[in-house]
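Peer 1: Need the 3D shape of this:
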Amino acid sequence: MKKLLILAIAMVSISAIAQSKYEKGMEKAFDLWKNEKQWEAANMFERIAQAEPDEWLPPFYVAQVNILYSFNEKDEEKLTAQLKKAQDFLNDAKAISKDNAEILVAQAQLYTAWVVFDGAKYGMSMSPKIAQLYQEAYKIEPDNPRVAFGKVEWDLGTARFFGQPTDTFCVDLQKAVALFDTYEPKGPFHPSGGGDYAKQSLAQNCKE
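Peer 2: Numbering: from 1, shown residues only. Now for the predicted structure:
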């Protein structure tokens, strides 16, 4: 009995140390990102992903860094490499966490990066996929601000592209922006950003 108790305590201690290393690593990666060292942050997330194969957040953030910093990339070779890496890590995140609205939004953003780079080449093939991903994410978590905002922003952009009125989207856009103030992330490292960009979008698209 005494040996079992000692073993149980030892296992708890090891688990606590591992958790602490994970948390410290994630905090360091986010600090790098906040200090505009996004590629160093991505490398840190990648190392954490290798060490913590059951955690979906590290590969998710590797993908997200590569996606977000692809929107202004003009070099096709570099863009292709970044988005391929992002896709590989998104696939890893999907394998760990099924039916995850945040991952679906990231996948939609990845396809959007291709459309932004060359709409004539990728618009027809990627646009239906993007719309479907936002629909799926919205069914899973309609109160998630990144889901709600991403969906309405995509719908608004599609309407503008086809010359349709966009003012009808303003109510939904306002609701999506408001969600950033009320939504509670599921954990300390779970996605929580996007509010500032959403407010800018609301100001630009729905001027009173």
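Peer 1: give me the number of residues near residue 50?
Peer 2: Residue 50 sits with 10 neighbouring residues when counted by other CB atoms under 10 Å. In this view, the C-beta of every residue, glycine as well, is placed from N, C-alpha and C.
Peer 1: My error: substitute residue 178 in the last question.
Peer 2: Going by other CB under 10 Å, the residues that sit close to residue 178 add up to 14.
Peer 1: and it, what does it touch?
Peer 2: By CB atoms under 8 Å, 6 or more residues apart in numbering, the contact set of residue 178 is empty.
Peer 1: Can you show me the CA trace of the helix or strand harbouring it as CSV?
Peer 2: Taking DSSP states H and E as the definition, one finds residue 178 inside helix 170-182. Only the C-alpha atoms of helix 170-182 are listed here, as CSV (Å, rounded to 0.1, in the frame of the first residue of the first chain):
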residue,chain,number,x,y,z
CYS,A,170,-24.1,45.2,-40.8
VAL,A,171,-26.5,43.9,-38.1
ASP,A,172,-24.7,40.5,-38.1
LEU,A,173,-21.3,42.2,-38.2
GLN,A,174,-22.2,44.3,-35.1
LYS,A,175,-23.4,41.1,-33.3
ALA,A,176,-20.2,39.3,-34.2
VAL,A,177,-18.0,42.2,-33.0
ALA,A,178,-20.0,42.3,-29.7
LEU,A,179,-19.2,38.6,-29.1
PHE,A,180,-15.5,39.5,-28.6
ASP,A,181,-16.5,41.2,-25.4
THR,A,182,-18.5,38.4,-23.9
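Peer 1: Give the buried residues for that helix.
Peer 2: Across helix 170-182, burial judged by 16 or more other CB atoms under 10 Å covers 170, 172-173, 176-177, 179-180.
Peer 1: Now do the domain split for the chain, please.
Peer 2: 1-98, 101-208 (automatic domain parsing).
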